[in-house]
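**Q** let me see the structure of the following:
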Amino acid sequence: MENLPVVLFVIGVMWVSQLLLTYNQAMKFNNSLKTLRAQGESAVGMGGKRYRGGRAFVAIARQGDTVVDARVMTGFTVFAAPKPFPGLNGLSLTELAGDGDIPQLNRKIRSAAQMAASTLLKPKETAVSE
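**A** Numbers count the residues shown, from 1 in each chain. Next up is the predicted model:
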């Protein structure tokens, strides 16, 4: 019982460290979104399993119906950082939102890109139906 304060202190330090690293990761992702927003309308999609293989976050910017820039963030830890992903550049949003196979994308990145493209296409679909 005399080690309890030390154990609680170590747990507290680890928890605060995790919060700071998570905040840092979120700020990096937000800064990468700023560059995408400057290039056109943008959206973020999420794909992959939560615990099995981690998540993938894909942010895309569009001009018209074409992806002009993309960022991908994958990984298990708070050290994952968004990276440019030129494999999506030039693809149409309708192609990304569809169920067709895109060879250069793995399953979780494909799922996240599909979600982001669908988000960008929704306002267009709503306007057409009205």
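**Q** residue 62 pairs with what?
**A** On the basis of DSSP bridges, residue 62 is bridged to residue 41, residue 67.
**Q** residue 43 - how many residues pack around it?
**A** The number of residues packed near residue 43 is 20, by other Cβ atoms under 10 Å. All C-beta spots, glycine's among them, are computed from the backbone N, C-alpha and C.
**Q** does anything pack onto the helix or strand where it lies? Which helices or strands?
**A** Using DSSP states H and E, residue 43 sits in strand 41-47. The contact analysis (3 or more Cβ pairs under 8 Å, 6 or more residues apart in numbering; DSSP states H and E) places strand 41-47 against helix 4-39, strand 55-63, helix 107-129.
**Q** and with 6 Å instead?
**A** strand 55-63, helix 107-129 (3 or more Cβ pairs under 6 Å, 6 or more residues apart in numbering; DSSP states H and E).
**Q** report the contact partners of the residue positioned nearest the centre of the chain.
**A** Centroid-nearest residue in the chain, with Cα atoms, centre = their mean: residue 57, separated by 1.9 Å. Contacts for residue 57 (Cβ atoms under 6 Å, 6 or more residues apart in numbering) come out as 46, 73.
**Q** please name the bridge partners of it.
**A** Judged by DSSP bridges, the bridge partners of residue 57 are residue 46, residue 73.
**Q** state the distance from it to residue 95.
**A** Distance from residue 57 to residue 95, counting by Cβ to Cβ, to the nearest Å: 20 Å.
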